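Trainee: sequence and computational prediction follow.
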Amino acid sequence: MECSKSSLPSSPQTFSKRLPLKKIALLGAAHIHTPGFVKKLVARPDYHIAGVWDHDAARALHNSEQLGCPVISGVQELLKIEGLEAVIVCAETDRHEELIEQVAKARKHCFAEKPLGMGKADSERMQKALEDAGVLFQTGYFNRSKAAYRKIKELIDAGSFGAISRIRLNNCHSGLQRNIFEGWEWLTDMKQSGVGAFGDLGTHVLDLLLWFMGDLDSVTATLNQPMGRYPGCDENGEAILRFKSGVIASIAAGWLDLAQPMTAQVSGTKAHAYVAQDELYLVGDEIPNADGQSPYTDLPENLPHAFDLFLDAVQSGNGANLVSPKESAYRSTVMEAIYQAAETRQWVSVEPYS
């Protein structure tokens, strides 16, 4: 059974030359972001959705109906679809390793929803499998595409902040109060997800921080359950990360915040930056027009969402802006150390990214 594209909406992008249809499939549909990815797939006239597999038959059927394609009875049957080039892995985190190792063995390009793994060991095994396969890989770290954060990284790399003393990042929402996990409860079961609220949302700002700075030394953290909605699952938390360069960074994340007016601060001896509502405010005598009073406008362009970057990369073969398997695995390694630090109430050493 083939998926029809005849009823799909026209792409907002004008193609000077029609791109060839690429076959792609959905391998697991458990993640709360799956509906958004399904909408993006349906809106792409350059993709042919070849099938859906999920261990949950009802979930597989629901998504196959949304995508207009068949349910596939097994993982190997899906991976053997003739002409299949890429898969989207939105399974529960504890199922990632088994699935991604099969995807890598079949040499299919892979988008896997974050986090890559439950911790250091499984993530590094997946990293090796993906690297050995030589396939394109991406995960859902969408903040890297935002112009404000791209500019901050540019300024850090150029030394424009001088000696950086402090970085603070946060990623919070009010999901618990809004009951957004109804139907997605596995995300609150640490045996399946590996993390609670802090790891779920904190992995995004951890990615930004480790993208900015590479010389991590050690971490400590505290996690909390103010509402106690899901037993054993943290609902918010704070982590402190110490870098060999002397930078002290903190990240906050949780499912309880009613507002999030400021998402980032970077303080240095030559400049200071903060991000509010995705607008960058910058102060620095050596940076033109950085008055700190109005949004800074000399920014790079916003890149497409992380998922769209993957779809574009499969079309072009150019993975320049994708998150590598090694980067993804390292984020899981550091997050595991953060949870160990919170449990033991100690500092936990982490090997720096190399």
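Mentor: Everything's here; your move.
Trainee: what about stretch 108-122, how long is it end to end?
Mentor: In stretch 108-122, first residue to last residue: 19 Å (CA to CA, to the nearest Å).
Trainee: what does the domain assignment say about the chain?
Mentor: Annotated domains of the chain cover 22-138, 143-302+324-349 [automatic domain parsing].
Trainee: which of those domains sits most buried?
Mentor: Of these, the one with the most neighbours on average (mean count of other CB atoms under 10 Å) is domain 22-138, at a mean of 20. From N, CA and C alone the C-beta is placed, and that goes for glycine too.
Trainee: what's the span of that domain, first residue to last?
Mentor: One end of domain 22-138 sits 17 Å from the other (CA to CA).
Trainee: how near is the residue nearest to Asn224 when sequence neighbours are not counted to Pro300?
Mentor: Nearest residue to Asn224, sequence neighbours excluded (CB to CB, 6 or more residues apart in numbering): Asn236, at 5.4 Å. For Asn236, the distance to Pro300 equals 32 Å [CB to CB, to the nearest Å].
Trainee: next: Gly175.
Mentor: Distance from Gly175 to Pro300, by CB to CB: 31 Å.
Trainee: low pLDDT regions in the stretch 251-354 of the chain?
Mentor: Within the stretch 251-354 of the chain, no range satisfies pLDDT under 70.
Trainee: all strands for it, in order.
Mentor: Along the stretch 251-354 of the chain, the segments classed as strands by DSSP state E, counting those that start in this stretch run 264-268, 271-276, 279-284, 348-349.
Trainee: still on that earlier bit, quick one: contacts for the residue nearest to Asn224?
Mentor: Cys172, Ala197, Phe198, Leu223, Asn224, Pro226, Ala252, Ala253, Gly254, Trp255, Leu256, Asp257 (CB atoms under 8 Å, 6 or more residues apart in numbering).
Trainee: distance of the third one from Leu311?
Mentor: Taking CB to CB as the measure, Phe198 and Leu311 are separated by 30 Å.
Trainee: same for the longest helix seen in the chain, what does it pack against?
Mentor: Longest helix of the chain, by residue count under DSSP state H: helix 325-344. Judged by 3 or more CB pairs under 8 Å, 6 or more residues apart in numbering; DSSP states H and E, helix 325-344 is in contact with helix 120-133, helix 197-212, strand 216-224, strand 236-243, strand 348-349.
Trainee: which neighbouring elements make contact with the helix or strand just after the first one?
Mentor: Next in sequence after helix 120-133, counting helices and strands by DSSP states H and E, comes strand 137-138. Identification of packing neighbours for strand 137-138 by 3+ CB pairs under 8 Å, 6+ apart yields strand 109-112, helix 306-316.
Trainee: switch to 6 Å and redo it
Mentor: On a contact count with 3 or more CB pairs under 6 Å, 6 or more residues apart in numbering; DSSP states H and E, strand 137-138 meets no helix or strand.
Trainee: check the offset of it from the chain's centre.
Mentor: Offset of strand 137-138 from its chain centre (CA atoms, centre = their mean, to the nearest Å): 10 Å.
Trainee: other residues contacting the next helix or strand after that strand?
Mentor: Per DSSP H and E, the first helix or strand lying C-terminal to strand 137-138 is helix 147-158. Here helix 147-158 makes contact (CB atoms under 6 Å, 6 or more residues apart in numbering) with Asn143, Leu208, Phe212, Val266, Ala273, Val275, Asp278, Leu280, Leu299, Pro300, Asn302.
Trainee: would you mind checking the average pLDDT for helix 147-158?
Mentor: Per-residue pLDDT values across helix 147-158 average out to 98.
Trainee: contacts for the helix or strand just after it next, please.
Mentor: Downstream of helix 147-158, the first helix or strand assigned by DSSP H and E is strand 164-172. Strand 164-172 is contacted by residues 201, 204-205, 208-209, 247-254, 257, 260, 263-268 when judged by CB under 6 Å, 6+ apart.
Trainee: could you list the paired strands of strand 164-172 along with their orientation?
Mentor: strand 248-254 (parallel), strand 264-268 (antiparallel) (DSSP bridges).
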